[in-house]
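Q: here are the coordinates; sequence isn't available:
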């Protein structure tokens, strides 16, 4: 296996803290850089939680590459909802795009279709209508992203967190003509492990539309030493020419809101630093194999 050595390896600040703010961002990014990471995912839970100026200063001090992720909290929906909710959701995602542009992040990623945890049954016609609404309500955001030089990475989630977009196949169907025009796919090894018959096959199906990859163990802890076929997953990334980040996404159990949202009911490592360090070491070992 020949894994490109220039894929940045990053980590989401949710491993340690929620929400990310102007107060906790600088020391947290310094900690992440000192551990040896190349990149960082910055979750903007609400517009204004942290500002572009603070991010730029921290990036200049650490050399980390930024990626913005969004959170589809209650009240954020682009389908099967009222016009005011759609507008509020578009405003929030627009703020994420503006922030990404202002800090030099190439992508804004997340499950940008309905609030996380919203579930409902659909027949084929109802699903087609939901996907039509999604395309219509994402279209102005796709245009904004393209104008800003940013890509919206739409993330499929597992069946317990959404009933709308669970697989790469569904994402391709739902997004259709928007793909390649300010919109791509953001995949997460945790969700792939639950929903896809083959995680590597899903990556190959995403192909050129894959713009971002989050990784963790199948238990949502550190990647490595788990059931995931990491060598095959990396071969799939090679096959599609993916040169983006491998960003560890896990969560702290110390914040009640985020632990409940992500169903983190027990520690996934002795410490959060250990989770990040072990995952980084494993991903570096993969990148060193030829």
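A: Great, that's in hand. Just so we're clear, the structure is a prediction, and the values are computed from it rather than from any experiment.

Q: wait, what's in contact with residue 227?
A: Neighbour list for residue 227: 193, 218 [criterion: CB atoms under 8 Å, 6 or more residues apart in numbering]. The way it works is simple: take the backbone N, C-alpha and C, and place the C-beta from them, glycine included.

Q: That one: what secondary structure?
A: coil (DSSP: H, G, I helix; E, B strand; the rest coil).

Q: now it: how far from residue 25?
A: 34 Å (CB to CB, to the nearest Å).

Q: now do residue 12
A: Counting by CB to CB, the gap from residue 12 to residue 25 is 13 Å.

Q: Now stretch 124-144: buried residues?
A: 127, 130, 131, 133, 134, 135, 137, 138, 141, 142, 144 (16 or more other CB atoms under 10 Å).

Q: Serialize these to a markdown table and add fields for distance to residue 62.
A: Shown next, in a markdown table, are these (distance: CB to CB, whole Å):
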| residue | distance to residue 62 |
| --- | --- |
| 127 | 43 |
| 130 | 41 |
| 131 | 40 |
| 133 | 40 |
| 134 | 36 |
| 135 | 38 |
| 137 | 36 |
| 138 | 33 |
| 141 | 29 |
| 142 | 31 |
| 144 | 28 |
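
Q: Now that we have those residues, can you turn them into CSV and tack on pLDDT, distance to residue 243 and secondary structure?
A: Formatted as CSV, these follow (pLDDT from 0 to 100; distance: CB to CB, whole Å; DSSP: H, G, I helix; E, B strand; the rest coil):
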residue, pLDDT, distance to residue 243, secondary structure
127, 98, 33, helix
130, 98, 33, helix
131, 98, 29, helix
133, 98, 33, helix
134, 98, 28, helix
135, 98, 28, helix
137, 98, 30, helix
138, 98, 25, helix
141, 98, 25, helix
142, 98, 22, helix
144, 98, 25, helix
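
Q: Looking at those, which is nearest residue 57?
A: residue 144 (25.5 Å; CB to CB).

Q: ok, that closest one touching residue 95?
A: No: with contacts counted by CB atoms under 8 Å, residue 144 stays clear of residue 95, the gap being 10.6 Å.

Q: Show the contacting residues for residue 208.
A: Contacts of residue 208 (CB under 8 Å, 6+ apart): 180, 240, 241.

Q: name the element residue 258 belongs to?
A: Residue 258 is located in helix 256-261, with elements delineated by DSSP states H and E.

Q: oh, I was asking about residue 213
A: strand 210-215.

Q: Just the terminal-to-terminal distance for stretch 36-55.
A: Terminal residues of stretch 36-55 lie 18 Å apart, using CA to CA, to the nearest Å.
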